[in-house]
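Asks: Below is the sequence, then the predicted model.
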Amino acid sequence: MLGRMAAPVQPVHHFVFDHSKWMHYVSNCYVVLGDNERAEEHAREVINQHGRPDGSTNAPMRTAQARITLGIVAARRGELDQAVAYGESAFEFERQSPADLVSLSADLDGVLQQRYRGEQLARDFHERHLHVRRVLDSRELDHV
């Protein structure tokens, strides 16, 4: 259906649904459904679509979320080092909506805590996730 639609005039508009957004949402759906191969495929496509030659991104939240997805897939495959590396790299981007990232990092943290509770890398990521959440909570309290 998406392929039959005309290309959007303003693809950056929040309510426009283009191929890039589709890839982003599909990746999320596949990770929730446990289809690791398709989740990974679509997450990598999101990263490739938004990557710039200098390594930055024109869509930090989508890229961060794609990296969290890759982290979840890696954790499910038994690749703890890679899972944590993807999760940590998601925190590197400036975001307009840090609350969304904390929610996503909670998903990765849950997988890591379930599968690797006694591992130092899993504990380190858990502490990083909690720290980011505390910082976000304190910012929200400052604005009340």
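Replies: Received the coordinates, thanks.
Asks: What residues sit buried inside the lengthiest helix in the chain?
Replies: What stands out as the longest helix in the chain, according to DSSP state H, is helix 120-142. Using 16 or more other CB atoms under 10 Å as the test for burial, helix 120-142 gives 121-122, 125-126, 128-129, 133. Placement of C-beta: from N, CA and C, glycine included.
Asks: Out of those residues, which one has the lowest pLDDT?
Replies: The weakest per-residue confidence within these falls on R133 (86).
Asks: What count of nearby residues applies to the residue lying closest to that residue once chain neighbours are set aside?
Replies: Of all residues not flanking R133 in the chain, V102 sits nearest, at 5.0 Å (CB to CB, 6 or more residues apart in numbering). For V102, the neighbour count with other CB atoms under 10 Å is 19.
Asks: you'd agree V102 is up against H129?
Replies: Yes: between V102 and H129 there is a contact under CB atoms under 8 Å: 7.3 Å.
Asks: Tell me who's in contact with the spatially most central residue of the chain.
Replies: In the chain, the C-alpha nearest the mean C-alpha coordinate belongs to Q65, at 1.5 Å (CA atoms, centre = their mean). By CB atoms under 8 Å, 6 or more residues apart in numbering, the contact set of Q65 is 24, 27-28, 46, 90, 100-101, 104.
Asks: ok, now R77?
Replies: N36.
Asks: what number of residues lie near the residue lying closest to G34 once chain neighbours are set aside?
Replies: Using CB to CB, 6+ apart and skipping residues adjacent in sequence, the residue nearest G34 is R76, 7.9 Å away. When neighbours are counted by other CB under 10 Å, R76 registers 15.
Asks: Many thanks, I have nothing further to ask.
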